[in-house]
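>>> this is a predicted model, with the sequence first.
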Amino acid sequence: MTRPLHRGSGGGRFSGNAKDLWEDSQMKDKTEKEDFDRTRTAVDHANLSVRSPFRVVSTDNSSYKNNVYENGFGSDPLSPVSARSRYRFILLMLKLSLVVIVILALTGSLWWTLSITNSSRGQIFRGYRRLQEQLVLDLEEIGKLSTGPTKIKELEYCSPEYENFIPCYNETENLAVGFSNGEELDRHCIHGVRHNCLVPAPVNYKVPLRWPTGKDLIWLGNVKITAQEVLSSGSLTKRMMVEEEQISFRPGNFMYDGVEDYSHQIAEMIGLRNESNFIQAGVRTVLDIGCGYGSFGAHLFSSNLLTICIADYEASGSQVQLTTERGLPAMIGSFNSMQLPYPSLSFDMVHCRNNMDWDKKDGKLLIEVDRLLRPGGYFVWTSPVTQPSPRDKVNQKKWSSVQSFTQSLCWEMLSQQEETVVWKKTSKKDCYSTRKSGAPLCSKGQDVESPYYRPLQACIGGTQSRRWIPIKERTAWPSRANLNAKELSIHGLHAEDLSEDTINWKAAVNNYWSLLSPLIFSDHPKRPGDEDPSPPYNMLRNVLDMNAHFGGFNAALLEAGKSVWVMNVIPVNTPNRLPLILDRGFTGVLHDWCEPFPTYPRTYDMVHGQGLLSLQLPEQRRCETIDIFTEIDRLLRPEGWIILRDSAPLIESARALATRLKWDARVVELESDSDEKLLICQKPFTRRQAS
């Protein structure tokens with residue numbers, strides 16, 4: 001590509017008598033005008049066209065009169081045009097030259113195309129098309145350079161309707177294009193459709209309370225639900241208490257006490273003394289389908305059980321939004337027609353406390369639960385369907401269908417108390433071969449360990465996996481976070497691999513602490529006017545790790561004694577380490593970062609990504625880095641933090657993008673022998689103004 005031409009410096013001051021100089025110049029122009037018109041020839045045009053466009057206006061008046069500049073370039077005694085005119089003329093000639101090149105390229109391409117066989121025309125055309133596109137890009141670049149550097153433009157704020165908007169979930173549009181039977185509630189992303197604007201916080205938004213206080217008390221203005229909606233619903237009245245613009249889940253209200261008794265009941269049905277013994281029974285991770293407002297998971301959190309809530313997208317009064325606002329693990333999971341983006345054999349318990357139609361879709365929903373459960377894991381369902389009245393023929397049929405299908409899955413019904421039933425998944429594979437009926441086992445090609453929004457399967461998955469280990473034979477928590485050599489070998493790793501990763505992340509977390517202290521991690525952070533926070537004084541409740549690798553960042557946070565939970569994300573274009581992460585007792589999900597993440601705006605207190613920018617290689621790029629950054633901004637709470645670690649050039653480029661998103665950003669140098677840098681940003685607290 002031709003290098004753009006740059007203007008020289010201009011606008012210097014003249015020394016001497018400016019008036020005399022002007023009059024002398026006018027007289028000279030008048031006497032030489034006729035001679036100039038007669039003697040100007042084509043040769044003069046050629047000489048003019050090759051003269052250098054770089055001109056410097058000298059501050060020496062004598063040099064100007066002698067038509068010689070200090071830098072040695074001579075002036076044209078016949079040309080009355082100024083330096084600006086010459087510059088414009090050169091740009092015009094450059095553009096004309098490019099037009100000629102384009103015409104010649106098109107002509108040559110046409111001649112060549114006519115001379116080749118029909119079988120090779122398609123390939124040549126595609127190559128020609130790429131050349132055309134590259135030429136257009138080169139012309140645009142020349143245009144930008146010719147106009148000089150432009151100011152980086154900040155992104156605008158989205159309109160108010162985007163405050164709680166989640167891309168890929170639009171029931172109206174899905175119905176219009178033909179989705180039905182529950183598929184309209186599922187996630188349908190259209191590639192290329194992006195809203196590159198910044199999602200504003202609501203008018204009455206307030207920074208969430210610190211953990212653990214924020215787990216039981218949230219601001220009403222931070223979620224899309226009104227006090228009237230809370231008070232007008234009988235079920236919500238028992239669950240929540242609205243006072244002073246807050247929603248309370250504190251101990252003492254009816255629902256909280258009910259959750260404690262309910263959890264105790266489930267433990268007894270399994271054969272345990274209480275819920276604190278779940279860990280000893282091999283239960284560490286729980287998937288809560290249709291979680292209400294996360295009260296079950298919030299209660300289990302105190303017993304070191306990690307519960308992730310999934311529920312359908314809701315326009316208002318969302319279960320997921322209220323749960324994430326409490327700082328608890330939750331994401332949108334439309335359990336209708338698609339497999340969930342979790343590995344097979346990854347949860348010790350699946351819990352559901354609603355009237356879900358498990359008998360529908362030929363049992364595919366229960367088959368998906370079976371895929372997600374580890375061998376020996378538990379399925380808990382609480383619903384009036386499990387205790388149908390003699391006159392309720394509909395629920396009787398549903399209950400009979402569920403019982404029959406669970407038997408065909410080799411599940412054992414452990415106990416039933418009132419409306420709650422507990423099943424246990426088999427630990428023995430040979431049970432499936434002794435069945436008289438039921439869904440077949442998936443073939444090796446069908447048994448995908450970590451599906452990504454794949455249609456529900458009619459076959460039993462997970463049986464092909466090397467991870468088929470009963471939960472009672474697994475290492476108990478918290479030792480489970482450090483898998484032994486035998487367990488690591490299943491994932492193709494050695495103990496040294498995990499040990500080295502652990503050491504590196506311990507050092508990284510210590511560095512983060514020192515860099516961000518005292519704003520986040522100090523022993524006693526306090527804003528002006530705030531009361532003294534209660535221990536452990538954490539301003540962080542949750543972290544989104546966008547490229548989690550082995551889950552080392554999660555492990556280092558826990559070992560450092562930080563009471564936070566991490567959503568470990570494995571990008572779909574990286575080696576799939578998600579089974580390893582869930583086997584370590586953490587939570588995580590597969591995701592394509594060229595698509596929006598399935599959660600509401602303002603979910604996470606911190607977003608972290610090591611090597612995330614390096615995944616956007618030019619030859620593999622399907623979206624722009626600015627698209628990923630605007631998605632980070634949507635997911636991050638006001639005053640939230642971003643930590644990115646990557647190669648120095650990528651970090652410097654990312655800092656420029658951070659400016660467009662109004663983030664406060666700084667680059668931090670790492671050790672001297674490292675070619676990586678840290679980018680640390682904070683999202684400002686900006687909310688929509690009341691209209």
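Thanks, I have the structure now.

>>> next up, phi/psi of S415, please.
Main-chain torsions, S415, degrees, to the nearest 10: phi -170, psi 160.

>>> and if you look at the one 4 residues further on?
As for E419, its main-chain torsions (degrees, to the nearest 10) stand at phi -90, psi 0.

>>> spit out the contact partners of it.
Counting by CB atoms under 8 Å, 6 or more residues apart in numbering, E419 makes contact with T382, S383, P384, T386, Q387. Quick note: C-beta positions are derived from backbone N, CA and C, even for glycine.

>>> show me these that map onto helices.
Assigned to helices by DSSP state H, none of those qualify.

>>> out of these, which end up buried?
Among the contacts of E419, those classed as buried by 16 or more other CB atoms under 10 Å are T382, S383, T386.

>>> how close does the last one get to W358?
Meaning T386. 10 Å (CB to CB, to the nearest Å).

>>> hmm, W211 is touching K562, no?
No. W211 is not in contact with K562 according to CB atoms under 8 Å; the separation is 9.8 Å.

>>> between those two, which is the more surrounded one?
Neighbours of W211 and K562, each counted by other CB atoms under 10 Å, are more numerous for W211; the result is 23 against 18.

>>> show me where the stretch 401-550 of the chain dips below the pLDDT cut-off.
517-539 (pLDDT under 70).

>>> which parts of it are helices?
With helices called from DSSP state H, counting those that start in this stretch, the stretch 401-550 of the chain shows them at 485-490, 495-516.

>>> okay if I get those as JSON lines plus distance to C431?
Output for the helices of the stretch 401-550 of the chain, formatted as JSON lines (distance: least, CB to CB, whole Å):
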{"stretch": "helix 485-490", "distance to C431": "22"}
{"stretch": "helix 495-516", "distance to C431": "33"}
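
>>> could you point out which of those helices sits nearest P167?
For P167, the closest of the helices of the stretch 401-550 of the chain is helix 495-516, at 30.1 Å, according to CB to CB.

>>> buried residues of the closest one, list them for me.
Here helix 495-516 shows L498, D501, T502, W505, A508, V509, N511, Y512, L516 as buried, counting by 16+ other CB under 10 Å.

>>> I'd guessed the second one sits against H549; true?
Yes. Because the distance of 7.3 Å satisfies CB under 8 Å, D501 is recorded as touching H549.

>>> in this structure, which strand is the longest?
strand 636-647 (DSSP state E).

>>> number of residues surrounding H188?
17.

>>> so who does it touch?
Contacts of H188 were listed using CB under 8 Å, 6+ apart, and they are C168, N170, N174, F179.

>>> from what I can see I490 touches R467, true?
Yes. Counting by CB under 8 Å, I490 touches R467, with 6.0 Å between them.

>>> who has more neighbours, the two?
R467 (20 against 16).

>>> next, give phi and psi for L287.
Dihedral angles for L287 - degrees, to the nearest 10 - are phi -100, psi 120.

>>> contacts only, for it.
T307, I308, I310, Y342, F347, M349, V350, H351, L372.

>>> farthest-apart pair in those residues, please.
Across these (CB to CB), the longest gap, 14.8 Å, separates Y342 and H351.

>>> quick revisit: from the buried residues of helix 495-516, pick the one nearest S248.
L516 (30.4 Å).

>>> quick one: residues contacting the closest one.
W641, I680.

>>> how close does it sit to L678?
Taking CB to CB, one finds L516 at 11 Å from L678.

>>> now do C158
In terms of CB to CB, C158 sits 29 Å off from L678.

>>> K562 and R454: what is the separation?
For K562, the distance to R454 - CB to CB - is 35 Å.

>>> try L106
Distance from L106 to R454, by CB to CB: 46 Å.

>>> same check, this time on S295
S295 is 31 Å from R454, where distance means CB to CB.

>>> more neighbours, those two?
S295 (26 against 13).

>>> that one reaches F249, doesn't it?
Yes. If you go by CB under 8 Å, S295 and F249 touch, sitting 6.3 Å apart.

>>> what about Y169, neighbour count?
22.

>>> list the contacts for it?
L185, R187, Y313, I332, S334, P598.

>>> switch to 7 Å and redo it
Contact partners of Y169, counting by CB atoms under 7 Å, 6 or more residues apart in numbering, are R187, Y313, I332.

>>> just these now: which is nearest T285?
Nearest to T285 among the contacts of Y169 is I332, at 18.7 Å by CB to CB.

>>> quick check: closest non-adjacent residue to the closest one.
The shortest distance from I332 to any residue other than its chain neighbours is 4.1 Å, reached at P598 (CB to CB, 6 or more residues apart in numbering).

>>> can you check P167 too?
P167's closest residue in space is P596 (CB to CB, 6+ apart), at 4.0 Å.

>>> element containing that neighbour, please.
Assigned by DSSP states H and E, P596 falls within no helix or strand.

>>> flag the shaky bits of the stretch 551-691 of the chain, pLDDT-wise.
For the stretch 551-691 of the chain, counting by pLDDT under 70, the residues that fall below are 617-621, 672, 690-691.

>>> where do the helices sit along it?
Counting by DSSP H, counting those that start in this stretch, the helices of the stretch 551-691 of the chain are 552-559, 578-583, 625-635, 648-660.

>>> distance between the second one and the chain's centre?
Remark: helix 578-583 is offset 19 Å from the chain centroid, using CA atoms, centre = their mean, to the nearest Å.

>>> same question, the first one
With CA atoms, centre = their mean as the basis, the distance from the averaged C-alpha position of helix 552-559 to the chain average is 20 Å.

>>> run the angle between it and strand 636-647 for me.
Using axes from the mean of the first three to the mean of the last three CA atoms, to 10 degrees, one finds that helix 552-559 and strand 636-647 are set 120 degrees apart in direction.

>>> what do you get for the longest one?
For helix 648-660 against strand 636-647, the angle between stretch directions is 160 degrees (the same axes, to 10 degrees).

>>> now for helix 648-660, which elements pack on it?
Applying 3 or more CB pairs under 7 Å, 6 or more residues apart in numbering; DSSP states H and E, one finds that helix 648-660 contacts helix 625-635, strand 664-669, strand 676-682.

>>> neighbouring contacts of that helix?
With CB under 7 Å, 6+ apart, helix 648-660 has contacts from 152-155, 613-614, 625-626, 629, 644, 665, 667, 675-677, 679, 681.

>>> so what's the closest residue to G297 other than its chain neighbours bridging to?
Once flanking residues are discounted, G297 sits nearest to T307: 3.1 Å by CB to CB, 6+ apart. For T307, the beta-bridge partners are V286 (DSSP bridges).

>>> returning to that earlier point: closest to L98 out of the buried ones among the contacts of E419?
S383 (71.1 Å).

>>> that closest one against N355, yeah?
Yes. S383 lies in contact with N355 (CB atoms under 7 Å); the separation is 5.1 Å.

>>> what is the end-to-end distance of stretch 207-221?
Separation of the first and last residues of stretch 207-221 by CA to CA, to the nearest Å is 10 Å.

>>> tell me the mean pLDDT for it?
Across stretch 207-221, pLDDT averages out at 86.

>>> chain center to that stretch, what's the gap?
Counting by CA atoms, centre = their mean, stretch 207-221 comes out at 24 Å from the chain centroid.
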